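Chemist: Whatever this is, show me its structure:
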Amino acid sequence: MKEFNHLVLVRHGQSEWNAKNLFTGWKDPDLTKLGIDEAEKGGELLIEKQISFDVLYTSVLIRSINTAQIILEKIGQEQIPTFRDEALNERNYGHLAGLNKDDARKKWGEEQVHIWRRSFDVPPPGGESLKNTGERVMPYYKKEIAPKIAAGKNVLVVAHGNSLRSLIKEIDKISDQEIVKLEIPTGAPIIYRYSKDEQAFIKD
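Modeler: As a prediction, this is how the structure comes out:
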């Protein structure tokens, strides 16, 4: 019988700036009531999976940290080792951060804002592209997280839409063109089983 361990990815629950339609990036708003509910729902889904986690990784942003804490409380695993690193932060939106998305479209034009949001390698002014985000996420993943998975540990990562896109791009071998179309719902666990025998991930 094959032996599996797990990697679980969760995007933080709705933040106060998500609710206001603002570009957030490295800014640090907390969760809304809906965001808290989403995190609790994510924890409830993980209870059903009965995964005993060995380690947690989050970004240094409060919406990620609090989502993770709510999930751990829900599944009764608050004491697991936790690591926080800005390598897992959301994409830096630079000069767009704090702006209403509709106001940004009025200022720069809908087409330009769409390019900044949905191209793989065109960053907004003063910020990062998805490609740039991956260039900081993946070295951290390969150095800190991947060895834990390879050693048979169950790993929980609570982060952000674009930092998780960077991980999923690598795990699922998604092209530059297709990864920008991937929507990651807030608070919903994405569960992978890892086969040590095959050294491969299987989406649960």
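
Chemist: so where's this structure shaky on pLDDT?
Modeler: Judged against pLDDT under 70, the low-scoring parts of the chain cover residues 1-2.

Chemist: where do the helices sit along it?
Modeler: Taking DSSP state H as the test, the helices found in the chain are 16-19, 33-49, 62-75, 101-108, 110-118, 130-140, 146-150, 161-171, 176-179.

Chemist: nearest to Leu88, of those?
Modeler: helix 161-171 (5.0 Å; C-beta to C-beta). All C-beta atoms are positioned from the backbone trio N, CA, C, and that covers glycine.

Chemist: what angle separates the closest one from helix 130-140?
Modeler: Angle between the axes of helix 161-171 and helix 130-140 is 70 degrees (criterion: axes from the mean of the first three to the mean of the last three C-alpha atoms, to 10 degrees).

Chemist: roughly how far out does helix 161-171 sit from the chain middle?
Modeler: Offset of helix 161-171 from its chain centre (C-alpha atoms, centre = their mean, to the nearest Å): 7 Å.

Chemist: coming back round to it: for Ala87, find the nearest of the helices of the chain.
Modeler: Ranking the helices of the chain by proximity to Ala87 (C-beta to C-beta) places helix 130-140 first, at 3.6 Å.

Chemist: So which elements touch the closest one?
Modeler: Counting contacts by 3 or more C-beta pairs under 8 Å, 6 or more residues apart in numbering; DSSP states H and E, the secondary-structure elements packed against helix 130-140 are helix 161-171.
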